[in-house]
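Novice: structure here, sequence nowhere to be found:
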Ligand SMILES: NC(=O)c1ccc[n+]([C@@H]2O[C@H](COP(=O)([O-])OP(=O)(O)OC[C@H]3O[C@@H](n4cnc5c(N)ncnc54)[C@H](OP(=O)(O)O)[C@@H]3O)[C@@H](O)[C@H]2O)c1
């Protein structure tokens with residue numbers, strides 16, 4: 001599919017990852033908010049020379065090179081990067097085909113490998129007539145093929161509000177990711193590229209800025225009902241440190257194309273509520289979701305991911321029930337009175353100021 005060039009790697013990735021190498025010189029775009037922070041520190045601790053690109057809202061951790069630039073500003077990004085080159089770039093904040101086009105140009109001669117953090121939302125059949133899923137059948141990477149996905153660069157991708165008006169919020173996010181992948185894949189890519197399609201990320205307590213797990217823990221703890229669809233469909237989840245480790249591993253590998261990243265076991269909104277209730281020693285209550293008024297992770301359509309490609313690449317994700325109870329405990333502690341996240345502001349709260357993050361799933 002492309003000129004996949006194995007990057008130079010360094011070994012001994014440390015206890016956070018099951019894989020034994022990471023790229024030697026790696027650029028992370030983003031990396032200062034949620035699991036991106038783990039990604040940066042695990043790469044650094046594994047011996048990689050890490051360069052972090054952000055607009056400067058937070059400094060990188062010690063020992064990490066900092067490039068301050070807006071990734072949307074091609075000239076500024078090019079100037080800020082100077083003569084830096086990398087074995088791999090991991091792009092944590094690639095949301096649109098316009099951003100992918102900039103990335104292709106800016107990094108063409110700077111890296112052998114480009115890894116984009118994508119999302120399972122690319123498979124949401126409600127966001128495109130081209131996506132077809134079959135109930136009961138886990139969704140494989142081929143369901144959305146970047147090599148054949150139509151791209152429309154004439155849309156106002158630089159204006160998230162206009163894109164949201166054009167598509168609607170959920171579709172804007174999913175379609176932006178699909179078309180971004182398609183731009184990376186188009187023609188003869190200048191680097192080996194991969195797209196890690198992440199499941200819903202959980203864990204880390206207050207670090208999970210989306211507030212989605214906290215929505216469950218707060219409602220269940222208060223004895224208030226969780227709004228779920230009449231027949232909630234299962235979805236996929238991944239632990240926050242494991243998705244960071246998977247991104248580092250894919251960056252070190254020669255794998256090209258899309259890779260689903262998730263714990264293998266799907267779970268629906270009732271299953272999640274029951275697990276939360278069990279952890280809290282109480283009973284979950286429910287009410288029927290009406291229209292858009294439903295809890296995060298309650299879906300009326302099927303798209304949990306098939307993880308066989310990830311397994312064939314050597315990526316290992318822990319069974320859901322090995323890590324989710326601890327993630328629930330972290331969420332409870334974060335929202336306890338006086339805790340770092342005393343109130344989440346309700347189900348749709350994201351805590352983000354970035355327009356593209358209104359649904360960072
Ligand atoms: N949370 C989930 O459940 C989930 C599920 C699937 C996929 N994902 C994907 O995960 C990724 C986000 O992961 P994360 O939350 O851990 O993020 P992250 O790696 O911590 O990156 C967020 C940082 O990126 C920087 N940034 C944002 N826009 C920028 C720009 N235009 N130029 C330069 N820097 C910019 C911001 O810092 P500055 O403000 O300083 O620039 C921000 O702090 C997204 O691609 C999302 O689609 C998330």
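Specialist: Received it, and whenever you're ready, just let me know what you need. Given the structure is predicted, the values throughout are model-derived calculations rather than measurements.
Novice: near the ligand, which residues of this structure? Just list them.
Specialist: Applying Cβ under 6 Å from any ligand atom, we find that the chain lies next to the ligand at 30-37, 53-58, 70-72, 92-93, 117, 119, 198, 200-201, 210, 354, 360-361. C-beta here means a position set from N, CA and C on the backbone, and glycine is covered the same way.
Novice: run the last query once more with 5 Å
Specialist: 30-36, 54-55, 57, 70-72, 92-93, 117, 119, 198, 200-201, 360-361 (Cβ under 5 Å from any ligand atom).
Novice: low-confidence stretches in the stretch 251-361 of the chain?
Specialist: Regions of the stretch 251-361 of the chain meeting the criterion pLDDT under 70 cover residues 338-361.
Novice: quick one: the helices in it?
Specialist: 269-280, 308-312, 320-335 (DSSP state H, counting those that start in this stretch).
Novice: now these in TSV, with distance to residue 290?
Specialist: TSV is the format used below for the helices of the stretch 251-361 of the chain (distance: least, Cβ to Cβ, whole Å):
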stretch	distance to residue 290
helix 269-280	15
helix 308-312	36
helix 320-335	26
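Novice: please give me every residue in contact with the closest residue to residue 152 other than its chain neighbours.
Specialist: Spatial nearest neighbour of residue 152, excluding adjacent residues (Cβ to Cβ, 6 or more residues apart in numbering): residue 179 at 7.1 Å. Contacts for residue 179 (Cβ atoms under 8 Å, 6 or more residues apart in numbering) come out as 96, 97, 100, 149, 150, 151, 152.
Novice: from those, pick the one nearest residue 24.
Specialist: Nearest to residue 24 among the contacts of residue 179 is residue 100, at 24.7 Å by Cβ to Cβ.
Novice: assign a three-state SS to that closest one, would you?
Specialist: For residue 100, the assignment made with DSSP: H, G, I helix; E, B strand; the rest coil gives helix.
Novice: for it, give me the pLDDT.
Specialist: Looking at residue 100, its pLDDT is 98.
Novice: what number of residues lie near the closest residue to it other than its chain neighbours?
Specialist: In space, and not counting its chain neighbours, residue 100 is closest to residue 183: 3.7 Å by Cβ to Cβ, 6+ apart. Other residues near residue 183 come to 25 when the count uses other Cβ atoms under 10 Å.
Novice: again with the one 3 residues further on
Specialist: Applying other Cβ under 10 Å, we find 17 residues neighbouring residue 186.
Novice: ok, now how distant is the residue nearest to it when sequence neighbours are not counted from the ligand?
Specialist: Nearest residue to residue 186, sequence neighbours excluded (Cβ to Cβ, 6+ apart): residue 151, at 7.3 Å. Separation of residue 151 from the ligand (Cβ to the nearest ligand atom, to the nearest Å): 18 Å.
Novice: for residue 41, give me phi and psi.
Specialist: phi -70, psi -30 (degrees, to the nearest 10).
Novice: just checking, it touches residue 61?
Specialist: Yes: using Cβ atoms under 8 Å, residue 41 is in contact with residue 61, at 5.7 Å.
Novice: and those two? Which one has more around it.
Specialist: Neighbours of residue 41 and residue 61, each counted by other Cβ under 10 Å, are more numerous for residue 41; the result is 20 against 16.
Novice: return the residues in contact with that one.
Specialist: residue 61.
Novice: for the nearest residue to residue 143 once chain neighbours are set aside, give me phi and psi.
Specialist: Closest residue to residue 143 apart from its sequence neighbours, by Cβ to Cβ, 6+ apart: residue 123 at 5.8 Å. With angles defined as degrees, to the nearest 10, residue 123 sits at phi -90, psi 0.
Novice: from what I can see residue 123 touches residue 139, true?
Specialist: Yes: Residue 123 is within contact range of residue 139, at 4.7 Å (criterion: Cβ under 8 Å).
Novice: list residues touching both of those two?
Specialist: Contact with both residue 123 and residue 139 is made by residues 133, 303, 305, according to Cβ under 8 Å, 6+ apart.
Novice: could you measure from the second one over to residue 197?
Specialist: Remark: distance between residue 303 and residue 197 (Cβ to Cβ, to the nearest Å) = 11 Å.
Novice: got any residues that touch both of the two?
Specialist: Common contacts of residue 303 and residue 197, defined by Cβ under 8 Å, 6+ apart, comprise 120, 123.
Novice: distance check, the residue in the chain that the ligand sits nearest to against residue 201.
Specialist: Scanning the chain for the residue nearest the ligand gives residue 36, at 1.9 Å (criterion: Cβ to the nearest ligand atom). Using Cβ to Cβ, residue 36 is found at 10 Å from residue 201.
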